[in-house]
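In: Quick one: sequence plus predicted model below, questions after.
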Amino acid sequence: MTIDKQKLQKLLWAEAASYRTDCADWKRNTEALQDFLGEKTVEEVALELLVENERLTRQLGEVTNGLPNKVATHG
């Protein structure tokens, strides 16, 4: 999944803030978020990001678990 996470974060914060304050910008922010997401729903993107986070967490765990052996080999 390739998505501009910084842009998504900005749009989500704008959406949440305008919704909470019942701001007139809420509709505009909602439309901007929908345009950005295209055919996907916020929920679908959130689920994909959770899967990506789990994968990255596993990879990080594998790398950090192997560090003691690498340090011992080179130390």
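Out: Ah, there it is.

In: for this protein, what spans make up the strands?
Out: Read by DSSP state E, the chain holds no strands at all.

In: top helix in it by residue count?
Out: As assigned by DSSP state H, the longest helix anywhere in the chain is helix 42-74.

In: Show me what that helix is packed up against.
Out: For helix 42-74, the packing partners by 3 or more Cβ pairs under 8 Å, 6 or more residues apart in numbering; DSSP states H and E come out as helix 5-20. Backbone N, C-alpha and C define where each C-beta goes, glycine included.

In: Give me the mean pLDDT for the longest helix of the chain.
Out: For helix 42-74, mean pLDDT rounds to 86.

In: just the angle between that helix and helix 5-20, please?
Out: If you take axes from the mean of the first three to the mean of the last three Cα atoms, to 10 degrees, helix 42-74 sits at 140 degrees to helix 5-20.

In: Measure how far helix 42-74 is from the centre of its chain, please.
Out: Centroid separation between helix 42-74 and its chain, computed with Cα atoms, centre = their mean, to the nearest Å, is 15 Å.

In: Over to stretch 41-60?
Out: Counting by Cα atoms, centre = their mean, stretch 41-60 comes out at 7 Å from the chain centroid.

In: re earlier: name the residues of the longest helix of the chain that are buried.
Out: Going by neighbour count (16 or more other Cβ atoms under 10 Å), the buried part of helix 42-74 is residue 45.

In: neighbours around residue 13, how many?
Out: Counted by other Cβ atoms under 10 Å, the residues lying close to residue 13 total 11.

In: tell me the pLDDT at it?
Out: pLDDT, residue 13: 89.

In: again with the one 3 residues further on
Out: Each residue has a pLDDT score; the one for residue 16 is 86.

In: That one: what's it in contact with?
Out: Taking Cβ atoms under 8 Å, 6 or more residues apart in numbering as the contact definition, residue 16 lies against nothing.

In: State the distance from it to residue 56.
Out: Distance from residue 16 to residue 56, counting by Cβ to Cβ, to the nearest Å: 24 Å.

In: That'll do, ta.
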